[in-house]
Each structure stands twice: as C-alpha cells, then as structure tokens.
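[1] Sequence and predicted structure below; questions after.
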Amino acid sequence: MTHRRPPLRDGLAPPTRGPRAAAPSLSRFSSAVLADLARKTRYVDPDIIAIWPKLAGPELSRLCRPGRLSGGREGRTLEVVVPHGAAAASVAFASEDLRLRLNDYFGPNAIARIAIIQAPRAPGGPKGGLSRFRTG
C-alpha cells in the first residue's frame with residue numbers, strides 16, 4: 001500500500017497546522033510543589049538550604065543540614081541532621097553559636113532549641129569509612 005497525498009486545490013498545497021506551543025518549564029511547577037511540600041512537612045524554607053553554608057559557617061555546613069522546624073512563632077525547634085556521631089558531637093558543641101546565627105536570620109528568639117538528629121547521608125553524597133574500600 002502506498003501513501004497517497006491529498007489532491008491539490010487550485011495548484012496549492014493543503015493548509016497545515018501551526019507550530020505547537022512549547023511545553024511549560026518544569027521549574028515553573030516544581031518550585032510551587034516543593035514550597036508547598038516544605039510547608040506541609042514543616043521543613044525549613046527551601047531558600048535556607050541555598051544559604052546554609054553562610055548561616056552555619058563553612059565547617060558546620062559540611063557536617064550538618066537543616067531539617068524540620070517545629071513549634072510556634074517563637075521558641076521553635078530546628079532539627080539539624082548529621083550523618084554520624086562524631087559530627088553530632090561537633091554540632092552539639094557549636095549549637096549555641098549556630099542558634100545565635102539563625103536567630104539573626106529568622107529574628108530574635110525565633111529558634112529556642114537545636115535538636116540534633118543522626119541520619120544516613122543523602123544518596124549520592126560522599127561516603128566515608130570502609131564503604132569507599134568495598135566499592136573500589
């Protein structure tokens with residue numbers, strides 16, 4: 001079976017459809033979804049993750065990341081997630097300084113307490129200990 005062209009009208013080609021509109025950008029929808037998800041799960045404002053190295057300082061930002069923010073307008077508790085016990089000890093030692101820095105950003109007495117949560121590192125993050133030898 002051969003493909004047949006439509007017949008020409010008055011020697012002109014048949015009209016065609018115009019170009020399709022481009023697909024909407026993913027960032028337009030994802031930023032709203034992520035902000036809504038962060039608000040529902042009471043996680044810190046997603047913008048804080050971008051400025052976390054400035055807020056926590058270069059050494060602490062390598063050891064921990066912000067987690068949930070719970071409580072009312074004043075006296076809230078910020079959960080800080082660390083990958084292992086040694087990092088938890090370092091963050092606990094510097095927690096008062098971190099709390100003061102965060103209160104400079106959020107406002108006076110906004111963060112009353114810092115809770116240190118030990119959790120595994122995010123997938124794809126740097127690995128430590130013997131795991132680097134097992135994969136090599």
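    Yep, it's here. Residues are numbered from 1 along each chain as shown.
[2] helices or strands up against the longest helix anywhere in the chain?
    When the chain is scanned for its longest helix (criterion: DSSP state H), the result is helix 26-40. Counting contacts by 3 or more Cβ pairs under 8 Å, 6 or more residues apart in numbering; DSSP states H and E, helix 26-40 is packed against helix 46-56. From N, CA and C alone the C-beta is placed, and that goes for glycine too.
[3] what does whichever helix or strand comes after the helix it packs on rub up against?
    Helices and strands here follow DSSP states H and E; after helix 46-56, the next one along the chain is helix 58-63. Residues outside helix 58-63 that contact it (Cβ atoms under 8 Å, 6 or more residues apart in numbering) are 52-53, 55, 82-83, 87, 90-91, 94, 98.
[4] okay if I get those as TSV plus distance to Gly75, neighbour count and pLDDT?
    Below are the contacts of helix 58-63 laid out as TSV (distance: Cβ to Cβ, whole Å; neighbours: other Cβ atoms under 10 Å; pLDDT from 0 to 100):
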residue	distance to Gly75	neighbour count	pLDDT
Trp52	22	16	91
Pro53	26	13	92
Leu55	19	16	90
Val82	23	22	93
Pro83	28	19	92
Ala87	26	19	92
Ser90	25	16	94
Val91	20	21	94
Ala94	21	18	95
Leu98	16	20	94
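[5] any idea of the mean pLDDT in the longest helix of the chain?
    When pLDDT is averaged along helix 26-40, the result is 77.
[6] Could you do stretch 117-135 as well?
    Averaged across stretch 117-135, the pLDDT comes to 56.
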